[in-house]
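>>> Any chance you could fold what I've pasted below:
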Amino acid sequence: MLFQIDIDKYMPFIIAGVLLVSGVIILKVALAITKAESKTDMKWVAGSFFIQYGVTLFITLPMILDMIIAFMSGSYNNYEGPPPLLIAMVVIFSTFIVANLINTIHKPGIIRSLVITLSILGPIIGSTYIIFDNIGIVL
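Here you go, the predicted model:
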């Protein structure tokens, strides 16, 4: 066969994509429930979600680069990952940054922004984990 693809190798990335799409839908529903004041059409919601996803990836970039360097140096089997305290600090910092982004873009108020942030943080963290845990499979 000319275009024979091993789908099992790419299944985690398909699941991560489904998580990202579900995150956009969850953000849209959360904005509707909290009665956000501005920019609640789907174009702005999707753009806002992927801006938040990009900011979260940028904040976690040092941990991701550490994993990639461990993979490239050949010590990926002995790699234990970042310390749990660092992960907790990054998640808390990301939560406040994303809440402020939501408050700036959609104007629901800071308390409602925290509620919206907690609802979409699951798909963001889950898809990031799936993507970067399986990046060695494709390489």
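
>>> Now do Asp8, the pLDDT please.
The model reports Asp8 with a pLDDT of 81.

>>> go on, Ile59?
So Ile59 comes in at 91 (pLDDT).

>>> Just want the most central residue of this structure.
By C-alpha atoms, centre = their mean, the chain has its centre lying nearest to Ile124, at 2.5 Å.

>>> From Lys9, how far off is that residue?
From Ile124 across to Lys9, the span is 24 Å (C-beta to C-beta, to the nearest Å). Quick note: C-beta positions are derived from backbone N, CA and C, even for glycine.

>>> Please apply the same query to Lys39.
From Lys39 to Lys9 the distance is 38 Å (C-beta to C-beta).

>>> more neighbours, the two?
Neighbours were counted for Lys39 and for Lys9 using other C-beta atoms under 10 Å; Lys39 has more, 14 against 11.

>>> Could you double-check that that one sits in contact with Ser48?
Yes - using C-beta atoms under 8 Å, Lys39 is in contact with Ser48, at 7.3 Å.

>>> what's near enough to touch Asn100?
Ile110, Ser113 (C-beta atoms under 8 Å, 6 or more residues apart in numbering).

>>> Angles on the backbone of it, please.
Main-chain dihedrals, Asn100, degrees, to the nearest 10: phi -70, psi -40.

>>> try Ser38
According to degrees, to the nearest 10, Ser38 has phi -140, psi 160.
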